[in-house]
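quick one: sequence and predicted model below, then my questions.
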Amino acid sequence: MGFYKPEDSMAKYKPSHENQMVMLPISLQDQLVPGTLEHTINRLVDENIDLSVFDQRYKNDLTGAAAIHPKILLKVILLAYAKGMISSRQIERACHENIIFIALSYGYAPDHTTIASFISSMQNQISSIFSDILMVCEELELLSGTHFSLDGVKLSANVSKEWSGTIKELEHKRNKLQEKLQRVIAEHAQADKHPQVEIERQKKRERRFQLQVERLNDFLKDRKPKLGSEGKEIQSNAVDNESAKMTTSHGVLQGYNAQALVDSKHQVILAAEAFASQDHDNLKPMLDSAKKNLVTIGKGPDYFEGKEFTADSNYHSLNSLKVCNDEKVDAYIPDIQFRKRDPRFAQQERFKEESRKPRPFCAADFSYDENHRVYRCPNGKALKCYARNQVNRYRTYDLYRARTEDCAACPLRSCCLSKSDASRRYLSIQVDTGEPNLIDEMKAKLDSEQGKKIYARRLGIVEPVFANICVHKHLDRFTLCSKHKVDVQWRLFALVHNIGKIHVFGLLA
């Protein structure tokens, strides 16, 4: 009888059955644990959102297959956006693989086309849903109603800048693509001399150029130039013509300006909308939208009267200040020079007086000649008025200009003209319209110690909202085309943001 030797033993493992089928008894509703965000979303959609607004979209009681209930799609989309999933294909995959999404979708697992179509067609329902959630915020006392801040973030649309241009530029691009297409077709005719892989590659190139030419042909057919606010042609976009080129700190993008009006107490969004315009054009529609939402939840139309309202210098314009004055809002909207007047920034390099470039003669250096009704420059030459009561973003003014020949030989030319190649000097003189000087009043208001303290609150109210949506929830671009679809997506993210506030600060019984 031999003795057992450990070195003679062999390893023994449990068998691995890769094709083994396992059936797990899972209660879907048990996966929605109280205290979690998915549980909050599930309850809010079931108990606080009026889903009857979707009924008109589904008239399939007599014909057609049964549709997935809107509440299922809404729950899935809200949780996906809260988790940073902005692609409909990502959401579809989660409904197949993630037990929480499977529970919220009741196992139906909607595909990406159903999800994308549902989001794209919600423009008639999103306002009602947004107001329903805002009502919950009001009932849970998450709104202060004392201080509000407005701001925006520019996000890329689901389109490339390469498809932008004036009508003539797009026609030129179309002609160039047609030339390329003809060359590719000619190359394809010689494809018999190449291997099969080369033939397939030529087919793909031909099809790609053909689709691009067709897209431009369809867009340019009976297309009129797109005009800007000054009546001049601006660039159109052949894919999403409602989007616009916008300048940001990271360069120029083709997209939309997503706006949010935020309450100060818990940073609840009162109104959200996407625009294809600059900030100073959006103050009135955002105030109107917020008033409409607040009236829906039982507030009065004068809700903003006397309340503090802050916005950055991008909103500073005469029209914006007039809106705030008419609405009797206690607004704090600085001009772009307000930090240069603030002694707290005097030591910063970019605000130091000596770091600034020498400025040309200003209006104070010109004298008015009553007899000839002209302005005299420091060299004694006349500037005649050629346009009266012009209105820009900041004021109403009369415009004067010098003669080209006077400026050409002027010894003070370098001290008067802002550019060396300028032909003549122009002078804008503000006109007294008899109305309050809202620009100067706002400057004095912001330069006061009280004004500085109130405006300083803006940074902590509205900026974290965009950090939450654009960084934490990964909305760094829009995935849809056209203004109304992008607007729905932006409001859904604002909705998710407010639901997050309800989840953290609210006490749902």
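Yep, it's here.

what are the ranges of the strands in the stretch 251-400 of the chain?
Secondary structure of the stretch 251-400 of the chain, counting by DSSP state E, counting those that start in this stretch: strands at 251-263, 269-275, 308-311, 330-332, 367-369, 374-376, 382-391, 396-402.

closest one to Arg458 among those strands?
Closest to Arg458 of the strands of the stretch 251-400 of the chain is strand 308-311 (Cβ to Cβ; 3.9 Å). All C-beta spots, glycine's among them, are computed from the backbone N, C-alpha and C.

ok so, going back, most neighbours per residue, which of the strands of the stretch 251-400 of the chain?
Mean neighbour count, computed with mean count of other Cβ atoms under 10 Å, is highest for strand 269-275 among the strands of the stretch 251-400 of the chain, reaching a mean of 25.

show me what that strand is packed against.
The contact analysis (3 or more Cβ pairs under 8 Å, 6 or more residues apart in numbering; DSSP states H and E) places strand 269-275 against strand 251-263, helix 283-296, helix 483-505.

buried stuff in the longest one?
This means helix 483-505. Buried positions in helix 483-505, judged by neighbour count with 16 or more other Cβ atoms under 10 Å: 483, 485-503.

contacting residues for Ile133?
Ile133 makes contacts with Leu44, Asn48, Ile49, Leu495, Asn498, Ile499, Ile502, as judged by Cβ atoms under 8 Å, 6 or more residues apart in numbering.

isn't the last one right next to Glu138, touching?
This means Ile502. No - look at Ile502 against Glu138 with Cβ atoms under 8 Å: they stay out of range, at 10.9 Å.

list the backbone torsions phi and psi for Ile26.
Ile26 adopts backbone torsions of phi -120, psi 130, taken as degrees, to the nearest 10.

equivalent analysis for Gly231, please.
Residue torsions, per degrees, to the nearest 10, at Gly231 are phi 80, psi 0.

surely Pro301 is in contact with Ala290?
No - using Cβ under 8 Å, Pro301 is not in contact with Ala290; the gap is 11.2 Å.

could you list the low-pLDDT ranges of the stretch 101-250 of the chain?
Scanning the stretch 101-250 of the chain for pLDDT under 70 picks out 188-198.

please redo it, this time with the cut-off set to 80
Applying pLDDT under 80 to the stretch 101-250 of the chain picks out residues 181, 184-203, 222, 228-231.

going along the chain, name the helices of it.
Secondary structure of the stretch 101-250 of the chain (DSSP state H, counting those that start in this stretch): helices located at 112-120, 126-139, 167-189, 196-220.

most packed of those helices?
Taking mean count of other Cβ under 10 Å, helix 126-139 is the most buried of the helices of the stretch 101-250 of the chain, at a mean of 20.

pull the contacting residues for the spatially closest residue to Ser482 that is not a sequence neighbour.
The shortest distance from Ser482 to any non-neighbouring residue, by Cβ to Cβ, 6 or more residues apart in numbering, is to Glu242 (5.6 Å). Residues near Glu242 by Cβ under 8 Å, 6+ apart: Ala276, Ser482, Lys483.

ok, the last one touching Ala274?
What it means is Lys483. Yes - with contact defined as Cβ under 8 Å, Lys483 counts as touching Ala274 (6.7 Å).

for these two, list the residues in contact with both.
Here Lys483 and Ala274 share the contacting residues Tyr256, scored by Cβ under 8 Å, 6+ apart.

in the sheet, who's paired with Asp330?
On the basis of DSSP bridges, Asp330 is bridged to Glu308.

what about the residue nearest to Ser264 when sequence neighbours are not counted, how many neighbours?
Leaving out its chain neighbours, the residue that sits closest to Ser264 by Cβ to Cβ, 6+ apart is His147, at 3.9 Å. When neighbours are defined as other Cβ atoms under 10 Å, His147 has 19 of them.

now swap in Leu51 and tell me
16.

need phi/psi at it.
Dihedral angles of Leu51 (phi, psi; degrees, to the nearest 10) stand at phi -90, psi 0.

and it, what is it in contact with?
Leu51 neighbours (Cβ under 8 Å, 6+ apart): Val45, His69, Pro70, Lys71, Leu74.

list of residues touching stretch 474-482?
Stretch 474-482 is contacted by residues 81, 84-88, 116, 119-120, 155-159, 239-240, 242-243, 255-256, 274, 469-470, 486, 488-490, 493 when judged by Cβ under 8 Å, 6+ apart.

what's the answer for stretch 171-189, then?
Applying Cβ under 8 Å, 6+ apart, the external contacts of stretch 171-189 come out as 165, 199, 202-203, 205-206, 209-210, 212-213, 216-217, 220.

now those residues in CSV, with distance to Phe345?
Formatted as CSV, the contacts of stretch 171-189 follow (distance: Cβ to Cβ, whole Å):
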residue, distance to Phe345
Gly165, 41
Ile199, 66
Gln202, 62
Lys203, 62
Arg205, 56
Glu206, 60
Phe209, 54
Gln210, 57
Gln212, 50
Val213, 54
Leu216, 49
Asn217, 54
Leu220, 50
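
between the helix or strand hosting Ala467 and helix 483-505, how many degrees?
Using DSSP states H and E, Ala467 sits in helix 458-467. Relative orientation of helix 458-467 versus helix 483-505 (axes from the mean of the first three to the mean of the last three Cα atoms, to 10 degrees): 110 degrees.

can you tell me the centre-most residue of the chain?
Ala258 (2.1 Å; Cα atoms, centre = their mean).
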